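**Q** Can you look at this prediction? I've put the sequence above it.
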Amino acid sequence: MHFASDNTAGVAPQIMAALEAANAGNVPSYGADALTEAVTVRLREIFEAPQAAVYLVATGTVANALSCAMLCAPWETVFCHRNAHIEEDECGAPEFFIGGGKLTLVDGPHAKMDPDALRRAIAHTGRGGIHNLQRGMVSITNATEAGTVYSVAEVTALAAVARDFGLPVHMDGARFANALVATGASPAEMTWKAGVDVLSFGGTKNGCMGVEAVILFDPTRAREFELRRKRAGHLFSKHRFLAAQMLAYLAGGLWLDLADHANAMAARLSEGIAALPGASLVHPTEANAVFAAVPRAAHRRAQAAGAAYYLWPFDQSLDGPGEEPLAARLVCSWATTEEEIDEFLSLLR
Ligand SMILES: Cc1ncc(COP(=O)(O)O)c(C=O)c1O
Ligand SMILES: C[C@@H](O)[C@H](N)C(=O)O
């Protein structure tokens, strides 16, 4: 029973097979290979964005950090939710790659920015002229760090606020596929048609070994991104192995099928937990993660049986005083099975 993170899941067999198939002979390095070109063609088709520039990197953090570095000057700030991954879990990488920029935290329920709160935060920034940090960009996570999902209308509303101030919009889409299948939107509707300028398109959490695509819907600054990626040490020499993963991931809608399965497992788990006496959902389950408060005795049974997951926030402990229910984050992946879910639920009951 593995619910600690979708990062703990293995590689989907189709992706592993693609890596093996790509491991033949010598091919041009550093992205000059045919597979890499094919990825760009395929992502342009999927996103209905024939001019988009596409760059592969190996981690979601660097996809986010380089995107922020390109859209935000060192004297500017990134507006994001206070629980955004770029704020809480990237060790200052965005600020580092920006060259000293800051993040301005915006509130909203269930890790989703509230448009009015965003507007207030942007309006408040930079009023003191030369003495103040300047307005830089907006970053939205979809699916969010709370397992919730922004609808197309919600993304559009946030992007409209950004546009009112002339700010570009980035989407942390480490779990973009999960958000897409949850909403039924098209890739284009969820991104550039809603006002998103740059997308970190995730593959790693959803079955790939390690690949993310940064998609610049306006290719004007593509060369700058190429230089930033190289200078950050993230231009893979054997780039074909990033491309092979991404191409297999996109083939025949595999990316959507893997996300749909993970979301379905989370829905099964969430419904089971919500029916437990003394248990309750902390956030709505809209993608592949369940955030729920569970009685401590149930946690003890599950953990004694070897279930792997984190209490949430991470720094809680079952050893502390009191007997009130404790919250946990339970993440499902492409590899989660119904049997795993049902075994876990039987332990909680
Ligand atoms: C929402 C979100 N964005 C970005 C990342 C960063 O990805 P990585 O751990 O590959 O750097 C993660 C990690 O799981 C994440 O949950
Ligand atoms: C760091 C941790 O949050 C990781 N990004 C995960 O979702 O598991």
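**A** In hand now; what should we look at? Ligands and ions are numbered 1, 2, ... in the order given.
**Q** What's the per-residue pLDDT of the residue of the stretch 101-250 of the chain found nearest ligand 1 here?
**A** With C-beta to the nearest ligand atom as the measure, residue 174 is the residue of the stretch 101-250 of the chain nearest to ligand 1, at 3.4 Å. Just so you know, the C-beta spots here come from the backbone N, C-alpha and C atoms, and that holds for glycine as well. You'll see residue 174 listed with a pLDDT of 98.
**Q** Quick check: residues of the stretch 51-200 of the chain near ligand 1?
**A** With C-beta under 6 Å from any ligand atom as the criterion, the stretch 51-200 of the chain comes near ligand 1 at residues 59-61, 64, 85, 141, 145, 172, 174.
**Q** From those, keep the buried residues only.
**A** Buried positions within these, assessed by neighbour count (16 or more other C-beta atoms under 10 Å), are 59-61, 64, 85, 141, 145, 172, 174.
**Q** Max pairwise distance over the residues of the stretch 51-200 of the chain next to ligand 1: which two?
**A** Pairwise distances among these were taken by C-beta to C-beta; the largest, 16.4 Å, belongs to 59 and 145.
**Q** in the sheet, who's paired with the closest residue in space to residue 280 that isn't next to it in sequence?
**A** Using C-beta to C-beta, 6 or more residues apart in numbering and skipping residues adjacent in sequence, the residue nearest residue 280 is residue 293, 5.2 Å away. When bridges are called by DSSP bridges, residue 293 pairs up with residue 280, residue 327.
**Q** what about residue 3, distance to residue 294?
**A** The gap separating residue 3 from residue 294 is 12 Å, by C-beta to C-beta, to the nearest Å.
**Q** In the stretch 1-150 of the chain, what residue lies closest to ligand 2?
**A** In the stretch 1-150 of the chain, no residue comes nearer to ligand 2 than residue 5, which is 3.2 Å away by C-beta to the nearest ligand atom.
**Q** Quick check on that residue: phi, psi?
**A** Phi and psi for residue 5, reported as degrees, to the nearest 10, are phi -170, psi 150.
**Q** ok, it - contacts?
**A** 205, 310, 331 (C-beta atoms under 8 Å, 6 or more residues apart in numbering).
**Q** Would you mind listing the buried residues in the longest strand anywhere in the chain?
**A** Criterion DSSP state E: the longest strand present in the chain is strand 134-141. Neighbour counts over strand 134-141 (16+ other C-beta under 10 Å) mark 135-141 as buried.
**Q** can you list the residues you listed in TSV and add pLDDT and distance to residue 14?
**A** Below are the buried residues of strand 134-141 laid out as TSV (pLDDT from 0 to 100; distance: C-beta to C-beta, whole Å):
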residue	pLDDT	distance to residue 14
135	97	43
136	98	39
137	98	35
138	98	35
139	99	31
140	98	29
141	99	27
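**Q** Closest one of the residues you listed to residue 102?
**A** residue 136 (8.8 Å).
**Q** Apart from its neighbours in sequence, what residue is nearest that closest one?
**A** Leaving aside its chain neighbours, residue 136 sits nearest to residue 76 (2.9 Å; criterion: C-beta to C-beta, 6+ apart).
**Q** What count of nearby residues applies to the one you found?
**A** Neighbour count of residue 76, defined by other C-beta atoms under 10 Å: 21.
**Q** quick one: the helices in the stretch 51-200 of the chain?
**A** For the stretch 51-200 of the chain, the helices defined by DSSP state H, counting those that start in this stretch occupy 60-71, 85-88, 93-98, 115-124, 152-164, 176-183, 187-190.
**Q** can I assume residue 219 is in contact with residue 49?
**A** No. With contact defined as C-beta atoms under 8 Å, residue 219 does not reach residue 49; the gap is 9.3 Å.
**Q** Between these two, point out the one with more neighbours.
**A** Neighbours were counted for residue 219 and for residue 49 using other C-beta under 10 Å; residue 49 has more, 22 against 14.
**Q** which SS class is the more buried one?
**A** Taking DSSP: H, G, I helix; E, B strand; the rest coil as the rule, one finds residue 49 in the coil state.
**Q** I'd assumed residue 217 was in contact with it.
**A** Yes. Residue 49 is in contact with residue 217 according to C-beta under 8 Å; the separation is 5.4 Å.
**Q** Identify the structural domains in this protein and state their residue ranges.
**A** 12-252, 255-348 (automatic domain parsing).
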